[in-house]
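Colleague: This is a predicted model, with the sequence first.
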Amino acid sequence: MSCYFQGCAEKGTTKEHIPPRSFFPEGERLQLLTVKSCKVHNNDKSTNDLYVLAQICMNASPSNRAREVFREKVVPQLSHNNNALRKLLLKGSFKIPGGVVYPVDQARFDEFFTALSCGLIYKSQRKPLPPEYRIGHIYHRLISNVDAERQALHDGIDHYYDQEPLGIMNFGKPDTRNERIYTVDIHGLPEFRSSITIVHKFFGVFKVTSMLTRFIAP
């Protein structure tokens, strides 16, 4: 069986968890969905997993279980490898009245959510995302420097997809169960007959919209 990642022709010799296992407390295995992965698209992204989890928890706390997951899964890792994760999170941070601002490495976020989106598509359709799709992500809870027109577009997308997919656009839904930590809806015509929108929600408040745009060659 091939790797789950779009465009990867390698065999799936390991299992990739979607979302990563680190997102869930010990003993809560109901959400541990897996897809076949090559080694490159599994082991090489573990740093991104913890970095993204830490940022999501900090931006979602104290809602739902974000604070609990941060204490259990992130805090023990902060001092490993000569404080590598702590240094990564603190890079570029600065104090403001009442707190600290932690800049987000969007490239790491994009890599993480592209992999997660590919895994969800593979789990839903039992085949990888076709090559004619381009993937982009909107991080609704993070402060960005986009112009007013683009921000209005992002807000409109957030509002439009803040509901379950219509019957005709029900592309498929992985069997996610731990809704206090992660939920997902996938909007799109089945059998890859349209562009696809994936709405991720962590801890009930941290929302990311992944836009999988289908390009048709002239």
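Modeller: Sure thing, it's come through.
Colleague: Now do the worst-scoring helix or strand of the chain on mean pLDDT: which elements does it pack against?
Modeller: Of all helical and strand segments in the chain, the minimum by mean pLDDT, DSSP states H and E falls on helix 148-160, at a mean of 77. Judged by 3 or more CB pairs under 8 Å, 6 or more residues apart in numbering; DSSP states H and E, the packing partners of helix 148-160 are strand 133-139, strand 206-214. Bear in mind the C-beta positions are built from the backbone N, C-alpha and C, glycine included.
Colleague: if I pick the residue nearest to Pro130 when sequence neighbours are not counted, what's in contact with it?
Modeller: By the measure of CB to CB, 6 or more residues apart in numbering, the closest residue to Pro130 outside its immediate chain neighbours is Phe192, 5.7 Å from it. For Phe192, the contacting residues are 125, 129-130, 133, 214, taking CB atoms under 8 Å, 6 or more residues apart in numbering as the criterion.
Colleague: Could you export these to CSV, including columns for pLDDT?
Modeller: Formatted as CSV, the entries for the contacts of Phe192 read as follows, by pLDDT from 0 to 100:
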residue, pLDDT
Gln125, 90
Leu129, 96
Pro130, 95
Tyr133, 97
Arg214, 93
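Colleague: out of those residues, which are buried?
Modeller: 125, 129, 133, 214 (16 or more other CB atoms under 10 Å).
Colleague: Three-state assignment for the nearest residue to Gln31 once chain neighbours are set aside, please.
Modeller: Nearest residue to Gln31, sequence neighbours excluded (CB to CB, 6+ apart): Asn178, at 3.9 Å. Under DSSP: H, G, I helix; E, B strand; the rest coil, the three-state class of Asn178 is coil.
Colleague: any idea how far Asn178 lies from Phe23?
Modeller: Between Asn178 and Phe23 the distance is 9 Å, computed by CB to CB, to the nearest Å.
Colleague: Kindly compare burial across the helices and strands packed on helix 148-160 and name the winner.
Modeller: Using mean count of other CB atoms under 10 Å, the stretch among the helices and strands packed on helix 148-160 with the largest mean neighbour count is strand 206-214, at a mean of 20.
Colleague: which helices and strands does it pack with?
Modeller: Counting by 3+ CB pairs under 8 Å, 6+ apart, the packing neighbours recorded for strand 206-214 are helix 46-60, helix 106-125, strand 133-139, helix 148-160, strand 196-202.
Colleague: Repeat the analysis, applying 10 Å as the threshold.
Modeller: Contacts defined by 3 or more CB pairs under 10 Å, 6 or more residues apart in numbering; DSSP states H and E place strand 206-214 against helix 46-60, helix 106-125, strand 133-139, helix 148-160, strand 182-187, strand 196-202.
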